[in-house]
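Asker: model the following, please.
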Amino acid sequence: DVEQAHRHAVLEIMTKYISVEKVRFSKTLVGIQQYAGKVILKFADGDTAEASILVGADGIKSMVRKHVLGPLYPSQVEPVYADSYCYRGVIPISEAREIFGDLTDVAKMFVGDKRCCITYMISKGEVSLIFCWVAIVC
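Answerer: Numbering: from 1, shown residues only. Sure thing, here's the model as predicted:
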């Protein structure tokens, strides 16, 4: 059974297992050097960090994606518009019950022509995550 959690809760859990001296928030990654068994990270503010692994979750203008794909697949580095929009939000479970009624407790996907909406509970059932995708038709 997989337990989903709000992003803030995930960060709190991660910082319990990683010493606080190694946790860096609000940094802009500007360079990556990869060696056998280690990665050196360079940040915009001049700081550097060394790691044994690097996981890319750095957004649409990902420096990690550029590092991995750039040498062999340079055309795949820049993000491209997919003619669609995605919306994500979390609401208290009490509000979700008002909207979804008896369907609140079960993960579900609502699908329509060029659109869908996914809902499921996270954070031990305290909140509901709502994710919607809409294709733009010209």
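
Asker: point out where the protein drops to low pLDDT.
Answerer: In the prediction, the chain carries residues with pLDDT under 70 at positions 1-6, 137-138.

Asker: please enumerate the strands of it.
Answerer: Applying DSSP state E to the chain gives strands spanning 29-35, 38-43, 48-51, 84-92, 108-112, 115-122, 127-135.

Asker: and of the ones you listed, who's closest to K61?
Answerer: Ranking the strands of the chain by proximity to K61 (CB to CB) places strand 29-35 first, at 10.2 Å. Placement of C-beta: from N, CA and C, glycine included.

Asker: run through who's touching that closest one.
Answerer: For strand 29-35, contacts defined as CB atoms under 8 Å, 6 or more residues apart in numbering pick out V39, I40, L41, K42, F43, A44, L54, D58, M63, V64, H67.

Asker: skipping adjacent residues, who's closest to the most centrally placed residue in the chain in space?
Answerer: What sits nearest the mean C-alpha location of the chain, by CA atoms, centre = their mean, is A57, with 6.2 Å. Closest residue in space to A57, ignoring its immediate chain neighbours: V64 at 8.0 Å, by CB to CB, 6 or more residues apart in numbering.

Asker: give me the number of residues near that neighbour?
Answerer: 17 (other CB atoms under 10 Å).

Asker: how much space between it and R24?
Answerer: 14 Å (CB to CB, to the nearest Å).

Asker: which of the contacts of strand 29-35 sits closest to M121?
Answerer: Lowest distance from M121 to these (CB to CB) belongs to D58, with 27.8 Å.

Asker: kind regards, and thank you for your time.
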